[in-house]
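Visitor: just a sequence and a predicted model for now, questions to come.
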Amino acid sequence: MQFGFVGKEATKGLLTMLQPFTKKCTDLSTEDEFAFIFYCDLCEKAWKSVPVPFSRRERKSFFAKLFRMYTLLWNVEHRDAFERANREGMLHFNRCTVCNRWVCDDDFSEEKNKCTCCSQSNDSIEY
Ligand SMILES: [Zn+2]
Ligand SMILES: [Zn+2]
């Protein structure tokens with residue numbers, strides 16, 4: 001029996017349900033581990049989540065016989081890993097209070113609590 005890649009096709013439905021906090025997100029998950037890349041909404045600087053191993057990967061041959069069950073487990077863990085990656089990622093990016101975009105430290109003004117884009121355009125009005 002051939003063991004194929006469980007990835008993208010099987011999780012399409014789940015991924016459309018779960019929205020990443022950034023506009024752009026890449027799913028790097030394989031059948032062995034889960035990892036995601038999130039990008040700054042302004043400059044697209046990438047942050048990669050810490051890969052989480054799929055708990056059943058050592059028992060692949062056993063689960064290959066129970067393919068549906070394997071896929072189901074993979075989907076559940078993939079979903080959890082994605083949610084965790086989103087929470088972690090939020091610590092690495094900053095949310096602009098004006099435009100609600102998630103931006104990297106380079107694109108964020110700490111004292112104004114805005115992205116550089118918004119703090120430039122609003123300076124004359126605010127001060
Ligand atoms: Zn950036
Ligand atoms: Zn902004």
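Guide: On my side now, so go ahead. This structure is a prediction, so every number in the text was calculated from the model and none was measured. Ligands and ions are numbered 1, 2, ... in the order given.

Visitor: mind pulling up the pLDDT for the nearest residue to Gly89 once chain neighbours are set aside?
Guide: In space, and not counting its chain neighbours, Gly89 is closest to Phe38: 4.5 Å by CB to CB, 6 or more residues apart in numbering. Any C-beta I mention is one placed from the backbone N, CA and C, and that applies to glycine too. Looking at Phe38, its pLDDT reads 98.

Visitor: residue ranges for the strands of the chain, please.
Guide: Ranges of strands in the chain, per DSSP state E, are 25-27, 33-34, 36-39, 46-48, 52-53, 94-95, 102-103, 108-109, 114-115.

Visitor: is ligand 1 contacted by stretch 41-48?
Guide: Yes - applying CB under 5 Å from the ion, one finds stretch 41-48 touching ligand 1 at Leu42, Cys43, Lys45.

Visitor: next one: the most centrally placed residue in the chain from ligand 1, what distance?
Guide: By CA atoms, centre = their mean, the chain has its centre lying nearest to Phe36, at 4.5 Å. Distance, Phe36 to ligand 1, using CB to the ion, to the nearest Å: 17 Å.

Visitor: that residue pairs with what?
Guide: Asp27 (DSSP bridges).

Visitor: and it, what does it touch?
Guide: With contact set as CB atoms under 8 Å, 6 or more residues apart in numbering, Phe36 has these partners: Pro20, Cys25, Thr26, Asp27, Leu28, Ser29, Lys48, Ser49, Ala81, Phe82, Ala85, Gly89.

Visitor: distance to ligand 2 and neighbour count added to those, as TSV?
Guide: Conversion of the contacts of Phe36 to TSV gives the following (distance: CB to the ion, whole Å; neighbours: other CB atoms under 10 Å):
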residue	distance to ligand 2	neighbour count
Pro20	18	19
Cys25	19	19
Thr26	23	13
Asp27	26	18
Leu28	28	13
Ser29	30	24
Lys48	24	14
Ser49	24	21
Ala81	29	22
Phe82	25	22
Ala85	23	26
Gly89	18	21
